[in-house]
Structures are given as structure tokens and as C-alpha cells.
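K.L.:
quick one: sequence and predicted model below, then my questions.
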Amino acid sequence: SLYGGSTHQVENIKDRLLQLMNNSNRQYEKHLQAYLLQEIKRDKDLTQKLFPNFEIFWVGNEIYCGAGLQSIDLLVYARNQLNTFVHLLELKAREPAGPEAARQINRYIKWLKAHIPDIRSPQIIPVIVAPEVTTEFRSELLTFLRGHGIPQYSEILYDAGLNFDQRFV
């Protein structure tokens, strides 16, 4: 039944997302966000590709931070044998990630450091999910990260078929 509470039948967000990505000029960032929110942990292959060798134990959506009511798209708490990590995911649709996205991630890192007790900078893993990134984004973000003492970040690039390719920078 429609309101029976069964989770056996999950709406396929991916088909709608692919249609928006490839057959329209509409923004699809919220659909990408819903897709990742639905599939992280549920789709084991995708989860392993995006969070290799991590066990995910909490996923947050639209984490509001600051008076400007900007929000972190997705926040993923995960652990490996060494420690607990906070993956800060910033999603971009259509346009490549540029310098403003780097400044946004920098603000979010400052907020996390100020508001999460006992978090150390190396536990924060910034992640940009975008069709592509600019050299200006990469340069600016790396400058910010050095200032925070964060050793690396992750770029997850995706194509028109929603194939994800991750690299650590």
C-alpha cells in the first residue's frame, strides 16, 4: 500500500536524475543530492567507490551552518581502522566547481571545527562532487586546506551516465 510503511519499493530517483541531466536545461543538484542520500549505504558498490575502506555510520542532509543559512549538502560520518572521519560533500550540477565552491568549502570547514567537539582537522575530508573542476578551484581549495592542516580532499567527477570517478588530491 502507498502509506503502509514498506521500504521494499523505493522510487528510482536515478532515472529522473538522468533525464534532467541529459534531456533538459533544468538544474538537477537536488535530485543528485536525493540520489546520493538514497544510495549511500544501500548500493554497496557505489558506497565502496565513494568511501573506499570506510564503514559509514551516519549521513546528514542539508546541515545548516551559520546565520546566512547556508547548508552543507551532505555530511557523512565514517570510520576505518584508524579513526572516525567527517566527509563534507559539496555537490555541483552542470557547471564545473570554481573558486566560489572552494570558498564555500572553506566556510564549512571553519564551521565544523567550531561546532563539532573534539574534531581535529585531519579528520575532515572535503569532497567535491561535480561534472568537472577548474584549476582555480583546485588551487584555491588547496591553499585553504593547507591553512587548516587538512592533508587532502576528494574530487568525485561524474559523467552523463552518472558514472562516478574519485581521486584524492
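P.N.:
Sure thing, it's come through.
K.L.:
which residue packs closest to the residue positioned nearest the centre of the chain, ignoring adjacent ones?
P.N.:
In the chain, the residue lying closest to the centroid (CA atoms, centre = their mean) is L89, at 2.2 Å. Among residues not flanking L89 along the chain, L74 sits closest, at 4.0 Å (CB to CB, 6 or more residues apart in numbering). Using the backbone N, CA and C atoms, a C-beta is placed for each residue, glycine as well.
K.L.:
show the contacting residues for the closest residue to A93 other than its chain neighbours.
P.N.:
Here the nearest residue to A93 in space, its sequence neighbours aside, is E29; by CB to CB, 6+ apart that works out to 3.9 Å. Contacts for E29 were tallied using CB atoms under 8 Å, 6 or more residues apart in numbering; they are D73, L91, K92, A93.
K.L.:
so which of these wins on neighbours?
P.N.:
Among the contacts of E29, the one with the most neighbours (other CB atoms under 10 Å) is D73, at 23 neighbours.
K.L.:
what's the distance between it and D165?
P.N.:
According to CB to CB, to the nearest Å, D73 stands 19 Å off from D165.
K.L.:
with P117 instead?
P.N.:
For P117 relative to D165 (CB to CB), the value is 35 Å.
K.L.:
neighbour count: those two, which is higher?
P.N.:
Neighbours per residue (other CB under 10 Å) separate P117 from D165, with D165 holding more: 10 against 4.
K.L.:
checking my notes, that one in a strand, right?
P.N.:
Yes - counting by DSSP: H, G, I helix; E, B strand; the rest coil, D165 falls inside a strand.
K.L.:
with adjacent residues omitted, what lies nearest to it?
P.N.:
Nearest residue to D165, sequence neighbours excluded (CB to CB, 6+ apart): L157, at 5.2 Å.
K.L.:
what do you get for F54?
P.N.:
A78 (3.8 Å).
K.L.:
and the one you found, how close does it get to L112?
P.N.:
Using CB to CB, A78 is found at 15 Å from L112.
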